[in-house]
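Trainee: let me see the structure of the following:
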Amino acid sequence: MGEPALYYCYCIQAWVRDGIITRCGHPLGFSPPCHGCRRGGEAHNCPECIGNLIKVTPRHLARYRMITDPGHGWLEVPTQELRELGIYSDISAYSFQSREDCGFSYLEEDCDLQRFADAKGWGPGTPWPIRTEHQEHTFVRQLPHFNPERKG
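Mentor: As a prediction, this is how the structure comes out:
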């Protein structure tokens, strides 16, 4: 049995191993700030965060799935929710849509994910209800690029 896997929790913006924060902040300068020190930007280590045990509360329960591969990441969102938020026509072609009538869109992490987060009101210090799932060869890259003219 090896040591528990290290994973990135988008909800609290930190790297976690066995329920303990090992490094805070996003490795690529993702915009939401760290849950503990509120510092944004690149990954960092701070005494306010490192070694803290994550306490799972209802706000930490993930509603959305962040799918990553070795090169990128996409947030899986019901397409209808994009319409309800009024941002459906603002999503770029860097995102993807599920094939006919499956009802999901996959928002790329650099711009469209932030657009969605803003529309949801997920501001600084707000835990994002996202769980991360890494896939070495993800199905997302095989989907059609997002096109607001397309039904889905």
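Trainee: I'd like to know how many residues surround the closest residue to G73 other than its chain neighbours.
Mentor: Computed as CB to CB, 6 or more residues apart in numbering, the closest residue to G73 that is not its neighbour in sequence is E109, at 4.2 Å. (C-beta placed from N, C-alpha, C; glycine too.) Using other CB atoms under 10 Å, E109 is surrounded by 20 other residues.
Trainee: state the distance from E109 to W74.
Mentor: 7 Å (CB to CB, to the nearest Å).
Trainee: overlap of the contact sets of the two?
Mentor: M66 (CB atoms under 8 Å, 6 or more residues apart in numbering).
Trainee: L113 contacts L107, doesn't it?
Mentor: Yes: the criterion here is CB atoms under 8 Å, and L113 meets it with L107 at 4.8 Å.
Trainee: and those two? which has more neighbours close in?
Mentor: Counted by other CB under 10 Å, L113 and L107 do not tie: L107 has more neighbours, with 27 against 24.
Trainee: name the element the more buried one belongs to?
Mentor: Element membership of L107 [criterion: DSSP states H and E] is strand 104-108.
Trainee: that strand packs against which elements?
Mentor: Other elements packing on strand 104-108 under the criterion 3 or more CB pairs under 8 Å, 6 or more residues apart in numbering; DSSP states H and E are strand 73-78, helix 79-85, strand 96-97, helix 112-120.
Trainee: got the contact list for the longest one?
Mentor: Contacts with helix 112-120, where a contact means CB under 8 Å, 6+ apart, come from 31-32, 73-75, 77, 82, 85-87, 90-92, 94-95, 107, 128, 146.
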